[in-house]
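Chemist: 3D model of this:
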Amino acid sequence: MTADAPRSYYSEGLIEEAVQENRRKLVGEPGNHLLRCSLANGLVRLGKFEEAIEHYQKCIELNPSSEYWNNLGKALLNAGRYQEAVDAFARVIEKNRWPDAFFHQAQAYRSLGILEKANDQLCEAIKLNPKYREALNERAHILEALNRKDEALNEYKKVIALFFAEYQAQDAEDYCYETSVLLDNSDLVEELIRQLRRYIQKYPGFADGYYKLGQALEAKGLKNEAMMAFRKALEINPSYETARKCFWKR
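Modeler: Residues are numbered from 1 along each chain as shown. Okay, here's the model as predicted:
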């Protein structure tokens, strides 16, 4: 398993242009570690991990900061160089107990098949940031692999709760969430339905809440209730094509 490459709001073409411009500038300023880091970041976005690794290593030679070690660790993780990634994140953790470093080191341990150690590092990440949803989800996967099913289920339930915690502090239209990953387990579906019903009570005019509820009800086999939820989503937003397809496929 590899870490996801960082997302970017820029098109690949624009990233290519930025990379080429940074290459050009580095010819004149080879000792500029900030410029070199910018180049490495662009290379990661393009999926050129091995070249990015070389530049992050050069950044560390010039300025051995925890940030550069962390960036190097993520690039090594993406490149499948897991033991090297573990070592890089260890250098970060020596100086900074960053939840991000523990989380990514755990991913490297998991890829090496060292599941107990991966679980330990995820526990550290969650201790530092109890709302670290990705770490909770990753820990649930690892607990499942360790055949600790009840503990895994508890972690998944925490993930569900965090899906809905953010909307309490902001407008529903600004709340980005995805629940489809939670539909494969019957216990999780029940919890998801409960949370979604609370959600639409708070935001009855939010079509996506009804659409997500329809998905969960459908996964539980409650076809008629699902159809009503999809129909409500369409009443609120008649142009909601995904909800329309789900409603009319019956």
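Chemist: got a list of what Arg139 touches?
Modeler: Residues near Arg139 by CB atoms under 8 Å, 6 or more residues apart in numbering: 119, 122-123, 126, 155. In short, each C-beta sits where N, CA and C put it, glycine included.
Chemist: Just the helices from the protein, written as ranges.
Modeler: 12-28, 33-45, 49-62, 66-78, 82-95, 99-111, 115-128, 133-145, 149-165, 186-202, 207-219, 223-236, 241-248 (DSSP state H).
Chemist: what's in contact with the shortest one?
Modeler: Meaning helix 241-248. So helix 241-248 is contacted by 207, 210-211, 214-215, 218, 226-227, 230-231, 233-234, 237 (CB under 8 Å, 6+ apart).
Chemist: now, the most widely separated pair of these?
Modeler: For the contacts of helix 241-248, the farthest-apart pair by CB to CB is Glu218 and Asn237; their separation is 18.6 Å.
Chemist: sorry, back to before: neighbour-wise, give me the winner out of the contacts of Arg139.
Modeler: Neighbour tally across the contacts of Arg139 (other CB atoms under 10 Å): the maximum, 30 neighbours, falls on Leu122.
Chemist: okay but that residue is in contact with Ala140, surely?
Modeler: No. With contacts counted by CB atoms under 8 Å, Leu122 stays clear of Ala140, the gap being 9.5 Å.
Chemist: And the residue nearest the centre of this structure?
Modeler: The centre of the chain sits closest to Glu134, judged by CA atoms, centre = their mean, with a distance of 5.4 Å.
Chemist: any low-confidence regions in this protein?
Modeler: Filtered on pLDDT under 70, the chain yields the residue ranges 1-13, 163-187, 249-250.
Chemist: The same query, at a cut-off of 80, please.
Modeler: Across the chain, the ranges flagged by pLDDT under 80 are 1-15, 160-188, 190-191, 194-195, 198-199, 202-203, 206, 247-250.
Chemist: Could you report the separation of the residue lying farthest from the centre of the chain from His141?
Modeler: In the chain, Gly28 marks the outermost C-alpha relative to the chain mean, sitting 37.4 Å out by CA atoms, centre = their mean. From Gly28 across to His141, the span is 47 Å (CB to CB, to the nearest Å).
Chemist: Could you do Leu72 as well?
Modeler: Counting by CB to CB, the gap from Leu72 to His141 is 25 Å.
Chemist: Neighbour count for the two, which is higher?
Modeler: Legend: neighbour count by other CB under 10 Å for Leu72 and His141, higher for Leu72 (25 against 17).
Chemist: which residues touch the residue lying closest to the more buried one once chain neighbours are set aside?
Modeler: Counting by CB to CB, 6 or more residues apart in numbering, Leu72 lies nearest to Tyr56, which is 4.0 Å off, once chain neighbours are set aside. Neighbouring residues of Tyr56 by CB under 8 Å, 6+ apart: 37, 40, 68, 71-72, 75.
Chemist: hmm, try it at 10 Å
Modeler: 33, 36-37, 39-41, 43-44, 49, 68-76, 88 (CB atoms under 10 Å, 6 or more residues apart in numbering).
Chemist: how much space between it and Glu67?
Modeler: Separation of Tyr56 from Glu67 (CB to CB): 10 Å.
Chemist: residues bridging contact with the two, i.e. touching both?
Modeler: Cys37.
Chemist: With Gln57 as the reference, measure out to the nearest residue to Ile60 once chain neighbours are set aside.
Modeler: Sequence neighbours aside, Tyr68 is the residue nearest to Ile60 in space, at 4.9 Å (criterion: CB to CB, 6+ apart). Counting by CB to CB, the gap from Tyr68 to Gln57 is 9 Å.
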